[in-house]
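In: Fold the stuff below for me.
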Amino acid sequence: MIILDKPFVSNFLIDTIQKNQIPVLETPFSKTFFSEHETFFLSDDKAIESIINKKALLYTNSENAIAWISNNLSETELPQHIELFKNKSKFRELISKIYPDFYYKKVAFNNLKNIDINAIPLPFVIKPNVGFFSLGVHTIKTKNDWREALISLALEMQSANDIYPLEVMNATEFIIESYIQGEEYAIDCYFNAEGKPVILNILEHQFSSGDDVSDRLYFTSTTIIKKLKDKVQVFLEKLNNLADLTSFPLHIEIRIDQDNIIPIEGNPMRFGGWCTTPDLTYYAYGFNPYQYYFEQKEPDWNAIIEREDDAIYSIVILNNATGYSAEQIQSFDYDKLKQSFDNVLELRKIDYHKFPIFGFIFVKTAKDNFKELSAILVSDLKEFCSD
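Out: The predicted model follows:
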């Protein structure tokens, strides 16, 4: 069963539901995508019965659906397992058995100004204890960074809580934790009925600089899969020895420093937000991750990594880095943006007056043409705006 919720549902997910007749929770939002007479709609009562009694698999496209799960599925382990990942301090507590020397501290937002910066090992990262989309995330390397972060956080959290519900973004508590060295990756996976982790994609998350914490660029390739799939599989098995997850989809971000894998955070009951990474998986590798989860299928990675196509498949998140407010921007030139890439797979326009992003663009890039990705990675996007 799928719970659809704001902010975004892709055409690929809608087509997947229709072709496979996957049951969907009937809500005013989900009814906007389908005929109201669709036989796959489930009422609240039928959805609850299906999950509790019939052990139906559950997927959500958005963490906005967490509130419904918490309110209606308390008889299952789902709310507790979701809390393990959404609550970052609980997640750090969970994995402390594997990483006993990792520093973390939970702090109320109102007490941040009273923190003794001299008592915390530098560098460190501060972020909302319940958060999403790199909102409110700051890397602190100096005392001046800390002073600037406190000023920025007040504005960022006020804006974020106007957009997302408390289950997705909560500005009342923050977590301070050690800065994790190494290359960053995002993993889409699920844990099957026996608790075995099944990898659906591994994407590199590249940054424009050491201070950058944005979500501008994620990309995958057979080279990345071949290099990391076995290491990631072992890591996920260790994680599940602690979490004991079954029939559970997860998007988890990690950093790898040499052979050491340290998790950053996990996003439960879904793959990449805004229907991004699962849809990219289909473009890159030709299988449907939504369908694979519901059918409990595993990708044949050994066959995939031996194919001739070694191109890079990317998601570019067009976050508003212009320094302009949405009201100051008259228009965004999406056609000009598309001309920056050799092979655009899909462009998704987002209302930048409602969300702090202009949209998403999916692209295929030859290995010897990474410069087109490097250029967009460092762009503030002003070149595509008119004011």
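In: List the contacts of stretch 78-97.
Out: Residues from elsewhere that reach stretch 78-97, judged by Cβ atoms under 8 Å, 6 or more residues apart in numbering: 58, 63, 66, 69-70, 73, 102, 104, 106, 127-131, 167, 173, 175, 177, 239, 242-243, 245, 248, 250, 252, 263, 265-269. Every C-beta, even on glycine, is put in place using the N, C-alpha and C of the backbone.
In: Take those residues and keep only those in strands.
Out: The members of these that map onto strands under DSSP state E are 104, 106, 127-130, 173, 175, 177, 248, 250, 252, 263, 265-268.
In: can you dump the C-alpha coordinates of the helix or strand bottoming out on mean pLDDT in the chain into PDB?
Out: Counting by mean pLDDT, DSSP states H and E, the chain has its least confident helix or strand at helix 143-163, which shows a mean of 77. C-alpha atoms of helix 143-163 as PDB (Å, rounded to 0.1, in the frame of the first residue of the first chain):
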ATOM      1  CA  LYS A 143      33.800  30.400  16.800                       C
ATOM      2  CA  ASN A 144      32.800  32.900  14.100                       C
ATOM      3  CA  ASP A 145      31.000  30.100  12.200                       C
ATOM      4  CA  TRP A 146      29.000  29.400  15.400                       C
ATOM      5  CA  ARG A 147      28.000  33.100  15.800                       C
ATOM      6  CA  GLU A 148      26.800  33.200  12.100                       C
ATOM      7  CA  ALA A 149      25.000  29.900  12.400                       C
ATOM      8  CA  LEU A 150      22.900  31.200  15.300                       C
ATOM      9  CA  ILE A 151      21.800  34.200  13.300                       C
ATOM     10  CA  SER A 152      20.900  32.100  10.300                       C
ATOM     11  CA  LEU A 153      19.100  29.400  12.200                       C
ATOM     12  CA  ALA A 154      16.500  31.800  13.600                       C
ATOM     13  CA  LEU A 155      15.500  32.700  10.000                       C
ATOM     14  CA  GLU A 156      15.800  29.300   8.500                       C
ATOM     15  CA  MET A 157      13.700  27.500  11.100                       C
ATOM     16  CA  GLN A 158      10.900  30.100  11.000                       C
ATOM     17  CA  SER A 159      10.700  29.600   7.200                       C
ATOM     18  CA  ALA A 160      10.900  25.700   7.400                       C
ATOM     19  CA  ASN A 161       8.200  25.300   9.900                       C
ATOM     20  CA  ASP A 162       5.900  27.300   7.600                       C
ATOM     21  CA  ILE A 163       6.400  24.700   4.900                       C
END
